[in-house]
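Participant: here's a sequence, model it:
(chains A, B, C and D)
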There are 2 protein chains.
Amino acid sequence: MSNNNLIKGSLQTIILKLLEENERMYGYEITQKVKELTAGEIKITEGALYPALHKLEAEGMLSTEIQQVDNRVRKYYSLTKDGQKEVSAKMSELQGFVNNLHRILDPGWKPGLA
Amino acid sequence: MSNNNLIKGSLQTIILKLLEENERMYGYEITQKVKELTAGEIKITEGALYPALHKLEAEGMLSTEIQQVDNRVRKYYSLTKDGQKEVSAKMSELQGFVNNLHRILDPGWKPGLA
DNA sequence: TCATATACCCAAGTTTCTTATGTATATCAT
DNA sequence: ATGATATACATAAGAAACTTGGGTATATGA
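Facilitator: Numbering: from 1, shown residues only, chains lettered A, B, ... in the order given. Predicted coordinates:
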């Protein structure tokens, strides 16, 4: 997923959330958006991204449409109905996990505080 | 690591941080501590924990001493010098990653706020 | 012409986890 | 006394999500 080997399992959530905010995106665009949002600290590799997109599509979370732009092919992804529900589910799972991480790692931590 | 399949890669950090706070712990104790801190939401399985402990020991992060308690064998783990340095490194890596997750997933998020 | 950017894809290998076992002692309830 | 649960260690097979390293193709700037 990135240069550092840290924390696997959040890529699906990232993809789904970005598509909730942007209506439709293509793969390369997602890698650039993540790089931009994290000031280059997280670089999603294509070897991770494309299999993840194909899996989400196979599970019925995403739909695709191919489009020609400047003689290059782009494959746009959008959330399906099921995908829209999945965003909320994945987001609260992740929020819950991060909260639990804080409980373990930050003695005295309480929800709602950094 | 737990019932939900979420986020791989943080178990080492959890082990190291708990040992920073507790001086020495044995495997079973770690599973119970995590269960307690997260109100049962994260259950570290033995199949994940013991290999992780063995790996950290092989890498020189942990040292061990065996002790008999009530006819049962306990294997206590402590941080080595290298292990103490590793805690800080792993903690800031994790903090950095969580911050980046917020930047991607929480539009408008800024460090220092929930 | 060569590197970089854009844009898709796959395959081999690694790491990290789950699930399923196995061993052994202690305690509590039936 | 017998079985279930708790304590306490361990390994092994398989699944899942990555990394790394390739492949194809067009566009653009040095």
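Participant: ok, the spatially most central residue of chain A - contacts?
Facilitator: Closest residue to the average C-alpha location of chain A: A:Ile14 at 1.6 Å, with Cα atoms, centre = their mean. Listed by Cβ atoms under 8 Å, 6 or more residues apart in numbering or on different chains, the contact partners of A:Ile14 are A:Val34, A:Ile44, B:Leu101, B:Ile104, B:Leu105. Where C-beta positions appear, they are placed from N, C-alpha and C, glycine not excepted.
Participant: number of residues surrounding the first one?
Facilitator: So the one you mean is A:Val34. 24 (other Cβ atoms under 10 Å in any protein chain shown).
Participant: that one against A:Glu41, yeah?
Facilitator: No. Using Cβ atoms under 8 Å, A:Val34 is not in contact with A:Glu41; the gap is 9.5 Å.
Participant: where does pLDDT dip in chain A?
Facilitator: A:1-7, A:113-114 (pLDDT under 70).
Participant: what does it put close to DNA strand D?
Facilitator: A:1-3, A:5, A:8-12, A:44-48, A:51-52, A:55, A:70-72 (Cβ under 7 Å from any atom of the strand).
Participant: three-state assignment of the residue of chain A found nearest DNA strand D?
Facilitator: DNA strand D sits closest to A:Gly47 of chain A, with a gap of 2.0 Å, by Cβ to the nearest atom of the strand. Using DSSP: H, G, I helix; E, B strand; the rest coil, the structure places A:Gly47 in helix.
Participant: so which of the contacts of A:Ile14 sit within strands?
Facilitator: Judged by DSSP state E, strands contain none of those.
Participant: count the residues that sit near the nearest residue to A:Thr80 once chain neighbours are set aside.
Facilitator: Leaving aside its sequence neighbours, A:Thr80 sits nearest to A:Ser63 (Cβ to Cβ, 6 or more residues apart in numbering or on different chains; 5.3 Å). Neighbour count of A:Ser63, defined by other Cβ under 10 Å: 14.
Participant: three-state assignment of A:Ser63?
Facilitator: Under three-state DSSP, A:Ser63 comes out as strand.
Participant: A:Ala39 too?
Facilitator: Classified using three-state DSSP, A:Ala39 is coil.
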